[in-house]
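**Student:** 3D model of this:
(one chain, ligands or ions: 2)
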Amino acid sequence: MPNQSEDKFKHKKSVDLTTDHNDISHQLSIHTRQGHNKFWSESIFPLILCFSCPFFVRSIVFICGHCHGSIIEFFSRLFFDQTMTLKHVLENFFYFQWHWPSVIIIISFLIYAIVMTMILPGEEYAGPITDTGHVPIYRNNGFIYYIVSLIIFILLTIVLKLNHLSPTYIYDHWEEFLSTVNTFAFLLCFFVMLKGKYMPSTDDHRSSSNWLTDFYRGVELYPRIFNIDIKLITNCRYGMLSWALLSSIFCMKTFELHGYTDSALVTCLLTLVYLTKFFWWESGYMKTMDIIVDRAGFYLCWGCLVWVSGLYTLPSYFLVTHPNKLGPVLTIIILTLGFLSIYINYDCDQQKIDVRSSNGQCKVWGKPAQIIRAKYVLLNGKQSESILLASGYWAISRHFHYIPELALAFLWSCPCGFHYILPYIYFIFLYILLMHRAHRDDQKCRLKYGIAWDKYCQVVRWKVWPGIY
Ligand SMILES: NC(=O)C1=CN([C@@H]2O[C@H](COP(=O)(O)OP(=O)(O)OC[C@H]3O[C@@H](n4cnc5c(N)ncnc54)[C@H](OP(=O)(O)O)[C@@H]3O)[C@@H](O)[C@H]2O)C=CC1
Ligand SMILES: CC(C)CCC[C@@H](C)[C@H]1CC[C@H]2C3=CC=C4C[C@@H](O)CC[C@]4(C)[C@H]3CC[C@]12C
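**Tutor:** Ligands and ions are numbered 1, 2, ... in the order given. So this is what the prediction gives:
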């Protein structure tokens, strides 16, 4: 049920589409909250997250490396073991380090990502028009970038092996590596914030007097330096590729230590196929909430550099020290269900893209697409129209695509077994993130489309889980 404050905006004719979810909640808060609540959401909340997230990622690695993957052991050592005091933990955990080999790897990787993004061929495509009338232009070379990068990685691994070296060096120095990425990511976010405040690339920016808010949420929607799109680099070209490479490196390390291990292979394969799907659909990703709604700040940039490296790779990382034997039957079952989840998730995103690119003149599951034409007004007064698909997956629930996404996260974590909760932290995080995202997206669409969205909600009642939520 929409709440009262949402109702106020239901028939709002003009919606600031440059705003993000935080701005939407900000608009709502004008009507519902008092100043001291704003102080919490704009100062205390970002401050807590900027401190606790790095600490959280670091703790997870520490638990894997020093507490046998057991959260209970971590806390019992913390409270009852004299050799590990809270002071020791905090000293080690606030980790702004420069580990020089890691610095070289990170900078080289970043330069590689930027150069390849610039030189690889691909047709130009446009992102959605912003409220200020800006149309971001990208080159569609994500998939070729991913494939070329994997080939280079394989060749590099062979060369390193011939010289008695291995990319698993990164696993061996994972704590230093992650600390260095963390330092680097904080510096980058600070730089991106300053750039947004003093030299914004487009008019789609929102700066406040509160630097904490600006640091956490970001200032610019489409920051570019020498025409290089920062969000494309951090989210896709660095973030997603590093996820694929790190999962491969952790799988290689498991093989180095324990020989062939089916559990590590299953997790790695599912991750690689999922990320292949991601890069295939990258131009679709550049039209999602992360890009058109969320600005470049700590949440997105630090998240894609550190949170993804530390938390999204956790099942593969955990398997290095906790390998399992699945056997051929379980291997085949998990792989089949995993590939099916990836396919359904992709198909669902694709249905939406197809219906919009054909202006509603396409078939969905063999029948003419059921659509709702939703009008909205940009801040500059111009009227625009979008198509809402009300058949296929989009008739089952309004965010049905999150279900296969969650199923997959569970499937690539379950080779870790069920003795420890740690490898499921990604799954738990994703569950919370997606349920909250479904809510945020509903708010955003209601503000944008008004009655048309309500009409869609009447046809499709459920947010995510049919019959439940
Ligand atoms: N692993 C991870 O950490 C995460 C993965 N994901 C994955 O990323 C992908 C994209 O997800 P996400 O960014 O959340 O969502 P999307 O941005 O792709 O989808 C939501 C948007 O689609 C449009 N829309 C909503 N309903 C309809 C409809 N019925 N017909 C047509 N368009 C509609 C609206 O945008 P508009 O303004 O254009 O109308 C809405 O804001 C998914 O596959 C998801 O599973 C997502 C989050 C986290
Ligand atoms: C507490 C935090 C600092 C949280 C940071 C969260 C971000 C790192 C993630 C938020 C949304 C995530 C993503 C959205 C959609 C995606 C498409 C999918 O196909 C691949 C993954 C991803 C790009 C994913 C990546 C991490 C987030 C940006």
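**Student:** going forward, measure contacts and count neighbours with C-alpha atoms only.
**Tutor:** Noted.
**Student:** And the residue of the stretch 251-400 of the chain closest to ligand 2?
**Tutor:** Sorted by distance to ligand 2 under CA to the nearest ligand atom, the residues of the stretch 251-400 of the chain start with residue 303, at 3.6 Å.
**Student:** Wasn't that residue part of a helix?
**Tutor:** Yes: under DSSP: H, G, I helix; E, B strand; the rest coil, residue 303 sits within a helix.
**Student:** what's the neighbour count on it?
**Tutor:** Applying other CA atoms under 10 Å, we find 21 residues neighbouring residue 303.
**Student:** Next one: it, what pLDDT does it get?
**Tutor:** Note on residue 303: pLDDT of 96.
**Student:** ok, now the one 10 residues further on?
**Tutor:** According to the prediction, residue 313 has pLDDT 97.
**Student:** residues touching it, list them.
**Tutor:** 243, 246-247 (CA atoms under 8 Å, 6 or more residues apart in numbering).
**Student:** so which of those comes closest to ligand 2?
**Tutor:** Nearest to ligand 2 out of the contacts of residue 313 is residue 243 (CA to the nearest ligand atom; 9.5 Å).
**Student:** Can you mark which positions in the strand or helix carrying that closest one are buried?
**Tutor:** Applying DSSP states H and E as the criterion places residue 243 in helix 241-258. Neighbour counts over helix 241-258 (16 or more other CA atoms under 10 Å) mark 241-255 as buried.
**Student:** Can you report how many residues neighbour residue 181?
**Tutor:** 23.
**Student:** check contacts around it.
**Tutor:** Contacts of residue 181 by CA under 8 Å, 6+ apart are 103, 106, 305-306.
**Student:** now it: how far from ligand 1?
**Tutor:** From residue 181 across to ligand 1, the span is 19 Å (CA to the nearest ligand atom, to the nearest Å).
**Student:** Wasn't that residue part of a helix?
**Tutor:** Yes: under three-state DSSP, residue 181 sits within a helix.
**Student:** Report the separation between it and ligand 2.
**Tutor:** Applying CA to the nearest ligand atom to residue 181 and ligand 2 gives a distance of 14 Å.
**Student:** can you tell me the residue of the stretch 101-250 of the chain closest to ligand 1?
**Tutor:** residue 128 (7.9 Å).
**Student:** does that residue count as helix, strand or coil?
**Tutor:** Put simply, residue 128 is coil when judged by three-state DSSP.
**Student:** all strands for the stretch 101-250 of the chain, in order.
**Tutor:** 124-126, 137-139, 224-225, 228-229 (DSSP state E, counting those that start in this stretch).
**Student:** Can you tell me the strand partners of the third one and which way each runs?
**Tutor:** Yep, that's strand 224-225 we're talking about. Strand 224-225 pairs in its sheet with strand 228-229 (antiparallel), by DSSP bridges.
**Student:** rounded to a whole number, what's the mean pLDDT of the partner strand?
**Tutor:** 94.
**Student:** Contacts made by that strand with the rest, please.
**Tutor:** Contacts of strand 228-229 (CA under 8 Å, 6+ apart): 114, 118, 222-223.
**Student:** got the residues of the chain near ligand 1?
**Tutor:** Residues of the chain that fall close to ligand 1, judged by CA under 6 Å from any ligand atom: 288-289, 345, 349, 352, 387-390, 394, 398, 401-402, 405, 430, 441, 445.
**Student:** What's the PyMOL line that selects buried ones from the residues you listed?
**Tutor:** Selection of the buried residues among the residues of the chain next to ligand 1 in PyMOL, burial being defined by 16+ other CA under 10 Å:
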select buried, resi 289+345+349+352+387+388+389+390+394+398+401+402+405+430+441
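**Student:** So which of the residues of the chain next to ligand 1 are in helices?
**Tutor:** Those of the residues of the chain next to ligand 1 mapping onto helices are 289, 345, 349, 352, 394, 402, 405, 430, 441, 445, per DSSP state H.
**Student:** any idea which of those residues is least confident?
**Tutor:** The member of these with the lowest pLDDT is residue 289, and it reads 88.
**Student:** low pLDDT regions in the stretch 1-150 of the chain?
**Tutor:** For the stretch 1-150 of the chain, the stretches flagged by pLDDT under 70 are 1-36, 82-96.
**Student:** Which stretches in it count as helices?
**Tutor:** Assigned by DSSP state H, counting those that start in this stretch, the stretch 1-150 of the chain shows helices spanning 4-10, 21-32, 35-39, 45-66, 71-80, 86-93, 100-119, 142-162.
**Student:** tell me what the last one is packed against?
**Tutor:** Helix 142-162 makes packing contacts with helix 100-119, helix 241-258, helix 262-280, helix 282-285 when contacts are defined by 3 or more CA pairs under 8 Å, 6 or more residues apart in numbering; DSSP states H and E.
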